[in-house]
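Chemist: below is the structure, and that's it, no one-letter string:
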């Protein structure tokens, strides 16, 4: 069985401020001339055990891919230790190493040797590789006639044809259409049941929430969070939205008035109501409810857009919108004034536990100029009464008509 133990891992890259420094470094065998340094990873420690799927998230340049390359042996750490037990297969760049002049079958054979397969294994797996990729009719076709998606599907199928004890995936599920992605997820889930470790980097947060039970959040080379997907994604969204000087934080209570709301909001109150009755953190499938967001401005906010989003207990986003998307004119709020925004919508999602987060910003998105972004400010439950059971994230009122035709 495979295992991973990383302790105080650090990786730095070195460079030159101008061409003359590069020449000097070459003449002095690197003793002089290197005058820039970038820390890609700093003091990273974590462990992974068999059957664990770990999602790795963070902004571009946070150090995610660097970590995977170190674990895969592509690059070496500056300091710290890593102990990796078991066979490792890394899907870092699918279709890299393929020869465009060779046929798909020839590429599978030669790249299979690179992956560590024996010739007899490759011959045995050949049909399965092309069937899984959906390319059985293109075995003899030169790779230069493949689309980029076809080549990447072939690379993925070959790389995962046999179960490794440790599988490292860097955005590999971006390949193919939705049906192929489902096949990939099913293969990963089968690997997990058989005891593999999967390290999975993706910017698709919904996919990470669905597939992974644990999240590592990276920012500027540091491991900021190691825990559940819901909390990890909330922390990541705070990083994306935080303003200058604002510290990443998470909220754990429903009482928004007692929390700190940064530089622009002094108080914030969130409530759900049905008709004129305030709901006690409970509603029912099919109800039409109103979400009220009332706030007091600590500083003036121009061109203000107010939005909300609903996440389920796994952190998967059910729905989100804002006043800009709903074509409501932006607000001009001066210091000390109060404002209230109401959103009315039907509860057509299935029973379960949910949380509401809010955003105050300019324009369409909180990434364009954030005043405030907070997750899980209000928790509530949805119950199903006198309605049929269903599966999925949503509940749709469905009528069925059955006929026997002659």
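Modeler: That came through fine. Keep in mind the model is a prediction, meaning the values are calculated, not measured. Numbers count the residues shown, from 1 in each chain.

Chemist: switch to C-alpha atoms for all contacts and neighbour counts from now on
Modeler: OK.

Chemist: assign residue 272 to helix, strand or coil.
Modeler: Assigned by DSSP: H, G, I helix; E, B strand; the rest coil, the conformation of residue 272 is strand.

Chemist: what's the nearest residue to the most centrally placed residue in the chain if we skip its chain neighbours?
Modeler: The residue lying closest to the centre of the chain (CA atoms, centre = their mean) is residue 205, at 3.0 Å. Once flanking residues are discounted, residue 205 sits nearest to residue 233: 7.2 Å by CA to CA, 6 or more residues apart in numbering.

Chemist: state the distance from that neighbour to residue 41.
Modeler: 20 Å (CA to CA, to the nearest Å).

Chemist: who's in contact with residue 99?
Modeler: Residue 99 sits next to 107, 143 when contact means CA atoms under 8 Å, 6 or more residues apart in numbering.

Chemist: what are the phi and psi angles of it?
Modeler: Backbone geometry at residue 99, expressed as degrees, to the nearest 10, gives phi -100, psi 120.

Chemist: now do the same end-to-end measure for stretch 310-327.
Modeler: 20 Å.

Chemist: secondary structure class of the closest residue to residue 338 other than its chain neighbours, three-state.
Modeler: Once flanking residues are discounted, residue 338 sits nearest to residue 296: 4.3 Å by CA to CA, 6+ apart. At residue 296 the chain is in strand, as set by three-state DSSP.

Chemist: is it true that residue 296 touches residue 339?
Modeler: Yes - at 6.4 Å, residue 296 and residue 339 qualify as touching, with contact defined as CA atoms under 8 Å.

Chemist: more crowded one of the two?
Modeler: Using other CA atoms under 10 Å, the more surrounded residue of residue 296 and residue 339 is residue 296, with 19 against 15.

Chemist: separation between the more buried one and residue 267?
Modeler: For residue 296, the distance to residue 267 - CA to CA - is 5 Å.

Chemist: ditto for residue 156
Modeler: Per CA to CA, residue 156 is found 51 Å from residue 267.

Chemist: over to residue 161?
Modeler: 55 Å.

Chemist: now residue 77
Modeler: Per CA to CA, residue 77 is found 46 Å from residue 267.

Chemist: now swap in residue 337 and tell me
Modeler: Separation of residue 337 from residue 267 (CA to CA): 11 Å.

Chemist: what about these two, which has more around it?
Modeler: Using other CA under 10 Å, the more surrounded residue of residue 337 and residue 267 is residue 267, with 18 against 12.

Chemist: ramachandran coordinates for residue 323?
Modeler: Dihedral angles of residue 323 (phi, psi; degrees, to the nearest 10) stand at phi -70, psi -30.

Chemist: which residues touch it?
Modeler: For residue 323, the contacting residues are 305-307, 329-330, by CA under 8 Å, 6+ apart.

Chemist: can you map out the strands along the stretch 151-300 of the chain?
Modeler: 166-170, 197-201, 214-219, 222-227, 265-274, 277-278, 282-284, 288-297 (DSSP state E, counting those that start in this stretch).

Chemist: show me where the stretch 1-150 of the chain has its helices.
Modeler: Under the criterion DSSP state H, counting those that start in this stretch, helices of the stretch 1-150 of the chain are mapped to 19-27, 64-72, 104-115, 119-133, 148-159.

Chemist: got the strands of the stretch 151-300 of the chain as a markdown table, with distance to residue 23 and mean pLDDT columns?
Modeler: A markdown table is the format used below for the strands of the stretch 151-300 of the chain (distance: least, CA to CA, whole Å; pLDDT from 0 to 100):
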| stretch | distance to residue 23 | mean pLDDT |
| --- | --- | --- |
| strand 166-170 | 35 | 89 |
| strand 197-201 | 37 | 91 |
| strand 214-219 | 33 | 93 |
| strand 222-227 | 32 | 92 |
| strand 265-274 | 54 | 93 |
| strand 277-278 | 72 | 90 |
| strand 282-284 | 69 | 90 |
| strand 288-297 | 56 | 95 |
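
Chemist: tell me the most buried of those strands?
Modeler: Compared across the strands of the stretch 151-300 of the chain, strand 197-201 shows the largest average neighbour count, a mean of 26 (mean count of other CA atoms under 10 Å).

Chemist: pLDDT weak spots in this protein?
Modeler: The model of the chain has pLDDT under 70 over residues 94-96, 172-177, 241-259, 366-368.
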